[in-house]
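# One predicted model, sequence on top.
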Amino acid sequence: MANLILWNCLNVSHAPIRPAGPHQLAHWLQIHGYSVKVIDFCHLMTTDDLVDITLKHLDNKTVAIGVSTTFWQTNHPIHHASEPSWVMDARLKLSSKNIRWILGGANSIGNFLLDWDILHGHAEDSLLKYMDENSSKSFLRPSFDITKLENCFYDDLAIQSDEVLPIELSRGCQFKCRFCRYPLLGKKKNTYIRDYGLIEQEFLENYYRYGVTKYFFLDDTVNESDEKIENLAEISQRLPFKLSWFGYNRLDLIGVKPHTAELLKLSGLKSSFFGIESFHPQASKIVGKGWNGLRGKDFILKLREEWGTDINFHLAFIIGLTGETEEDVNSTHQWCIDNNIASWRFSGLHINAEDNQVWKSDFDLNYGLYGYKIPFSNNKEFWINKYWTSVTAKQKAEALTIDLQTRTKPAVWLLGELSTLGYDMSYLMQSYKKDLDWEEIKYRNKIFVDTYIRKQLYNE
């Protein structure tokens, strides 16, 4: 039985991935005396299975069931998180239980779901406080410290050896890209980084306990400093297995410190997400990544030659940046096609001038300084500039996304997700997404989730 039950999901239908947040919250609460059960892959199981697993851990000592909105998928025109059907259906079946419901995660903005208790932001401290208050406990609790975070995965999780597990090495980002609204922006160099001994210990424990060798590194910028990459490379070389990881890196940091390209390779990098945003000189400078507009194209080709077939990458672009026209965007798209880039994607610029934003980007706060207008007081997410509106930027991104689906290969998150199902990464990296057998992928995914459910229900 558990004092707290957390429903966990990553909203993709093709692969079973465990987001790290609920597991880290569970670990933090367990340290402080609470029993916590995390149920993974909730959106991939039937309502009855989710309810049955939940009931195995629910009794009169259960304070609440918590759900993260971070990976909810929603088309709601106003709110960032509208309750998905798998949550509503399972909650309905549990409606006779006297239980509180906690909503957290990146999209828990505003208390528009009235029967939820809402927590915002990093929840280690706020959730512990919530549990204390609703358990009639009164303690002076220490604040959560990412530098001391230990392994949060335990034996009852039915982890399989091919899984790609998430791991948080650090929090925050040294940079302040103007579209970004993540917390801890502009942190000092080499701060909020976990003790490297604890990171190495986690790799070893998960290898000897589960056979896991692959990870999603969740840091905003994995390659934030030479020292960090050097430490990761040294750890990787000491491990009794070949570490593979996927994560966010900054292209310009490799460009100005080219020796780190080899360090990243030695650290086990298999696929990198590069937030290019724009190759346009003015637009890239406005967003805070001017190096990409000046040198990005040439260096990407050089880096691909250096990494060869060992590492691939995904390029992310934003449509709607000041100064960049539709012709410029089309030119970027064609450059990616002509140069056989493994994976790339466009997204429309998002600005939200609403006062209830928990975290705000510089664009949110000072959009007028960057050439944007918010013309309607009743829709603070609709913007216009010289060449775009929020609507036309989104429409252009969607059109290009349809076109590039036949031209791209698995990279970063998709590459890791599919390798969780037992696919060879070298095969995936050489295959176009359109040529993959998606029916077989669906079948492998079902087998994986069914195995998880049996272990949760019957300890098989």
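Here it is on my side, so go on. Residues are numbered from 1 along each chain as shown.
# Spatially central residue for the protein, please.
Against the mean C-alpha coordinate of the chain, by CA atoms, centre = their mean, the closest residue is Leu218 at 6.5 Å.
# quick one: it from Glu327, how far?
As judged by CB to CB, to the nearest Å, Leu218 and Glu327 stand 36 Å apart. In this view, the C-beta of every residue, glycine as well, is placed from N, C-alpha and C.
# re the thing from before, nearest residue to the residue nearest to the centre of the chain other than its sequence neighbours?
Distance criterion CB to CB, 6 or more residues apart in numbering; nearest residue to Leu218, sequence neighbours excluded, is Glu168 at 4.8 Å.
# what sits against the one you found?
Residues near Glu168 by CB atoms under 8 Å, 6 or more residues apart in numbering: Ala20, Gln24, Ile146, Leu149, Arg194, Leu218, Asp219.
# between these, which has the most around it?
Neighbour counts for those (other CB atoms under 10 Å) peak at Gln24, which has 24 neighbours.
# I'd like the mean pLDDT over the one helix or strand that one maps to, please.
Assessed by DSSP states H and E, Gln24 sits inside helix 21-31. Averaging pLDDT along helix 21-31 gives 94.
# same check, this time on stretch 332-352
Mean predicted lDDT for stretch 332-352 stands at 97.
# mind starting the numbering at 28 from now?
All right, first residue 28 from here; so that's stretch 359-379.
# mind listing what's buried in the longest helix seen in the chain?
Taking DSSP state H as the criterion, the chain has its longest helix at helix 465-485. Neighbour counts over helix 465-485 (16 or more other CB atoms under 10 Å) mark Ile468, Arg471, Asn472, Phe475, Val476, Tyr479, Ile480, Gln483 as buried.
# Could you list every helix and strand in contact with it?
Applying 3 or more CB pairs under 8 Å, 6 or more residues apart in numbering; DSSP states H and E, one finds that helix 465-485 contacts helix 74-83.
# got the angle between the helix it packs on and helix 465-485?
30 degrees (axes from the mean of the first three to the mean of the last three CA atoms, to 10 degrees).
# got the CA positions of helix 74-83 in PDB?
What follows is helix 74-83, C-alpha atoms only, in PDB (Å, rounded to 0.1, in the frame of the first residue of the first chain):
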ATOM      1  CA  THR A  74      -8.700   1.700 -18.000                       C
ATOM      2  CA  ASP A  75      -9.400  -1.600 -16.100                       C
ATOM      3  CA  ASP A  76      -5.700  -2.400 -15.900                       C
ATOM      4  CA  LEU A  77      -4.800   1.000 -14.700                       C
ATOM      5  CA  VAL A  78      -7.500   0.900 -12.000                       C
ATOM      6  CA  ASP A  79      -6.600  -2.600 -10.900                       C
ATOM      7  CA  ILE A  80      -2.900  -1.700 -10.500                       C
ATOM      8  CA  THR A  81      -3.900   1.400  -8.600                       C
ATOM      9  CA  LEU A  82      -6.300  -0.500  -6.300                       C
ATOM     10  CA  LYS A  83      -3.400  -2.800  -5.400                       C
END
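# Pull out the buried positions in that helix.
Thr74, Asp76, Leu77, Val78, Ile80, Thr81.
# can you put the buried residues of helix 465-485 in CSV and add pLDDT and distance to Ser388?
Shown next, in CSV, are those (pLDDT from 0 to 100; distance: CB to CB, whole Å):
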residue, pLDDT, distance to Ser388
Ile468, 97, 35
Arg471, 97, 39
Asn472, 96, 35
Phe475, 96, 37
Val476, 96, 36
Tyr479, 95, 37
Ile480, 96, 40
Gln483, 94, 40
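# hmm, back to that, will you turn the buried residues of helix 74-83 into TSV that also has distance to Trp386?
What follows is these, written out as TSV (distance: CB to CB, whole Å):
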residue	distance to Trp386
Thr74	33
Asp76	35
Leu77	31
Val78	34
Ile80	33
Thr81	31
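# list the contacts for the nearest residue to Gly199 once chain neighbours are set aside?
Nearest residue to Gly199, sequence neighbours excluded (CB to CB, 6+ apart): Leu211, at 2.9 Å. Counting by CB under 8 Å, 6+ apart, Leu211 makes contact with Arg198, Gly199, Cys200, Tyr219.
# The third one touches Lys215, doesn't it?
It stands for Cys200. No - counting by CB atoms under 8 Å, Cys200 does not reach Lys215; the two are 11.2 Å apart.
# quick one: which of those two has more around it?
Set side by side, Cys200 and Lys215 show more neighbours around Cys200, with 21 against 8, by other CB under 10 Å.
# So that one versus Leu448, what's the distance?
Cys200 is 31 Å from Leu448, by CB to CB.
# Was I right to think His84 contacts Leu33?
No - proximity of His84 to Leu33 does not meet the contact threshold set by CB under 8 Å, at 10.3 Å.
# what sits in contact with each of the two?
Common neighbours of His84 and Leu33 (CB under 8 Å, 6+ apart) are Lys64.
# So for the two, which residue has more residues nearby?
Using other CB under 10 Å as the criterion, His84 and Leu33 rank with Leu33 on top: 25 against 19.
# Helix, strand, or coil at the more buried one?
Using DSSP: H, G, I helix; E, B strand; the rest coil, the structure places Leu33 in strand.
# If it is in a bridge, with which residues?
Val65, Gly93 (DSSP bridges).
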